[in-house]
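Novice: Task: produce atomic coordinates for the following.
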Amino acid sequence: MNFIYYIIIGIVLTQLPYVGKYFRIYNTLIHEIGHVLASLVTNGRVYHIELNTDASGLAYTGSRGRLSQIIVSLAGYPTASIVSYLAILLLNKGYEDYVLAGIATIIVISLVFWVRNWFGFGWLLVAALVSAFLIWYESEIFISIYLNTLVAVIFVESVISTVELIYITYKDKNNAGDSRNLKLSTGIPEMFWSVLFFIFAGYTVYLTIRIWI
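Specialist: Next up, the predicted model:
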């Protein structure tokens, strides 16, 4: 199946109750891991990650200075965009095993080291069991359908989340998440950062389209 059809499926899935949230949390997890990795790279501290029932998340980190705070706040949205693009690139080249192994690794590391709230822990257990079943069952068709659907949802969410951020920033900048944190760290308005995240997500869409051309 052409990946563009999976994109359509991904858009539909994100709007469904329960099932949609299950898939959307993958994007949330990758977003929060972006913050965690940025904190580790800048010699900061990582406390834990929360994954919530509404598909939102929060990474609790500690930074050593303003520059570190800026880097950590910048990392979330671009990480989700980059990971989705790389996953699509690997799937396009037929490296499904690598994508499945990468997803399983992210799940296990998050389960062991970072996610501590009950819902997040339970969601990770379910995600881990799904990955383990796919690895054990070794069905190329099931693995292909699951991975393409999952990556499509992450790709769609990496873009939609930046659009939602612009809307939130416009309506209530104090609740603009990463953009608000960047405003507090740099003095540059929240909307600048929200639009910047959207532009970066748009650029990954352009790169993704080039894969298919």
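Novice: right, and the helix or strand after the host helix or strand of residue 164?
Specialist: Using DSSP states H and E, residue 164 falls within helix 140-171. Per DSSP H and E, the first helix or strand lying C-terminal to helix 140-171 is helix 178-186.
Novice: Quick one: list the elements packing against the helix holding residue 164.
Specialist: Helix 140-171 sits against helix 3-15, helix 19-41, helix 66-92, helix 96-109, helix 118-137, helix 178-186, helix 190-212, with contacts defined as 3 or more Cβ pairs under 8 Å, 6 or more residues apart in numbering; DSSP states H and E. For every residue, glycine as well, the C-beta is placed using N, CA and C.
Novice: Which of these sits closest to residue 166?
Specialist: When these are compared by Cβ to Cβ, helix 190-212 sits nearest residue 166, at 4.6 Å.
Novice: re earlier: what's the average pLDDT for the helix holding residue 164?
Specialist: The pLDDT scores in helix 140-171 average 93.
Novice: before we move on, what about stretch 63-79?
Specialist: On average, the pLDDT along stretch 63-79 is 94.
Novice: Name the residues of that stretch that come out as buried.
Specialist: Within stretch 63-79, the residues that qualify as buried are 63, 68-79, counting by 16 or more other Cβ atoms under 10 Å.
Novice: go on, stretch 145-161?
Specialist: Within stretch 145-161, the residues that count as buried by 16+ other Cβ under 10 Å are 146-161.
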